[in-house]
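> Have a look; sequence and predicted model below, questions after that.
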Amino acid sequence: MSDDDEDTDIGTCDAVDVIPDVDPLLTGVKWAHDIRPLEIRIVGAINEQVAADVETHLRKAVRSGQSHVLLNLHSDGGSVYSALKIVDSLDACGLPVITCAKGNVESAAAVPAVAAAA
């Protein structure tokens, strides 16, 4: 993951969203420089486009200077290959990841959830 990469594919997937306000359950977290972090929310099936959008949003999180990445999941699963790409993107961004499972996190969706917790 490079800061020089162009982010031209932003907003192409409805399943991935960046939330400017943090989930109320995470308000007790102390953030560096008091900057409210971006929260990456995955809702629905995990596929190639979701994985690409997560990578794009991770770049934004790194550029924002936030100290952690918030990953909010609600998914029945999907492509294991795409889930592994999400894990690779999380590892490459270099920031600690806080994972929040809302509703169900099943099958391939459990891969990034568990990997982020490790």
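Done, it's in. Numbering: from 1, shown residues only.

> mind showing which ranges of the chain have poor pLDDT?
The model of the chain has pLDDT under 70 over residues 1-37, 117-118.

> Which residue ranges of it form strands?
For the chain, the strands defined by DSSP state E occupy 16-19, 39-43, 69-75, 97-105.

> With mean neighbour count as extra columns, can I get these in CSV?
No exception for glycine: its C-beta is placed from N, CA and C like everyone else's. Formatted as CSV, these follow (neighbours: other CB atoms under 10 Å):
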stretch, mean neighbour count
strand 16-19, 18
strand 39-43, 21
strand 69-75, 22
strand 97-105, 16
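
> Out of those strands, flag the one nearest A61.
strand 69-75 (5.2 Å; CB to CB).

> For that closest one, which outside residues touch it?
19, 22-23, 26, 37-46, 58, 61, 90, 93, 95-106, 108-109, 112-113, 116 (CB atoms under 8 Å, 6 or more residues apart in numbering).

> mind running it again at 7 Å?
22-23, 26, 37, 39-46, 58, 61, 93, 95, 97-106, 109, 112-113, 116 (CB atoms under 7 Å, 6 or more residues apart in numbering).
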